[in-house]
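Participant: predicted structure and sequence below. I'll ask about it afterward.
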Amino acid sequence: MTETATFGAGCFWGVEAAFRRVKGVVSTSVGYMGGHFPNPCYLDVCARITGHAEVTQVEYNGEIVSYEQLLDIFWNIHDPTSLNRQGADRGEQYRSIIFYHTPKQEKLARQSKLKLQQSGKYEKNIVTFIEPASEYYLAEEEHQQYFEKKRSTSI
């Protein structure tokens, strides 16, 4: 039986690529969550009119990889102290966010964030949002497994 996890950590292409390499991850997809605009497309989200975050949705086998391990990956693939920005990408669609699907995920996400903040790894405060999962809108096909497609067309 698989479980679902949803993370926003900047541009969804790199986030998805990181999770696709994890043993126990059954599938991934990229899309939009957390906004107020129904059925957004990439251009809508980039125009900053939807309130959505670019997210990666991860289907995983919890007997092989734990939610805590997925959280560790999430924290390590982006800067959780950067508000609405990752690298050169700016805007609320690039915010650091964990969308939880169960009360257990919420508890683990909050504990993980607190532990990381208290660890002293970052001088600045962690600005990652933790919110309940909402409607998930699948991004256009060209954004799914983007880096894998780019590699296969450049050969």
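Facilitator: Structure's in. What do you need? Numbering: from 1, shown residues only.

Participant: buried residues in the helix ranked longest in the chain?
Facilitator: Determined from DSSP state H, the single longest helix within the chain is helix 103-118. The neighbour-count check on helix 103-118 (16 or more other CB atoms under 10 Å) flags Gln105, Glu106, Leu108, Ala109, Ser112, Lys113, Leu116, Gln117 as buried. C-betas here are computed from N, CA, C, even on glycine.

Participant: again, but for stretch 137-155
Facilitator: For stretch 137-155, by 16+ other CB under 10 Å, it's Tyr137, Ala139, His143, Gln144, Gln145, Tyr146.

Participant: do the same with stretch 51-59
Facilitator: For stretch 51-59, by 16+ other CB under 10 Å, it's His52, Ala53, Glu54, Val55, Thr56, Gln57, Val58.

Participant: next up, the contacts around the first one.
Facilitator: In other words, His52. Tyr32, Met33, Gly34, Gly35, Phe37, Pro40, Val45, Gln93, Tyr137 (CB atoms under 8 Å, 6 or more residues apart in numbering).

Participant: ok, now the last one?
Facilitator: Applying CB under 8 Å, 6+ apart to Val58 gives the contacts Thr4, Ala5, Thr6, Phe7, Phe19, Val25, Ser27, Thr28, Leu70.

Participant: show the buried residues in the residues you listed.
Facilitator: Ala5, Thr6, Phe7, Phe19, Val25, Thr28, Leu70.

Participant: hey, where'd the helices end up in the protein?
Facilitator: Using DSSP H, helices in the chain cover 12-20, 42-46, 67-76, 103-118, 146-153.

Participant: among those, which comes closest to Pro132?
Facilitator: Closest of these to Pro132 is helix 103-118, at 7.5 Å (criterion: CB to CB).

Participant: ok and the closest one relative to helix 67-76, angle-wise?
Facilitator: 40 degrees (axes from the mean of the first three to the mean of the last three CA atoms, to 10 degrees).

Participant: great, nothing more from me.
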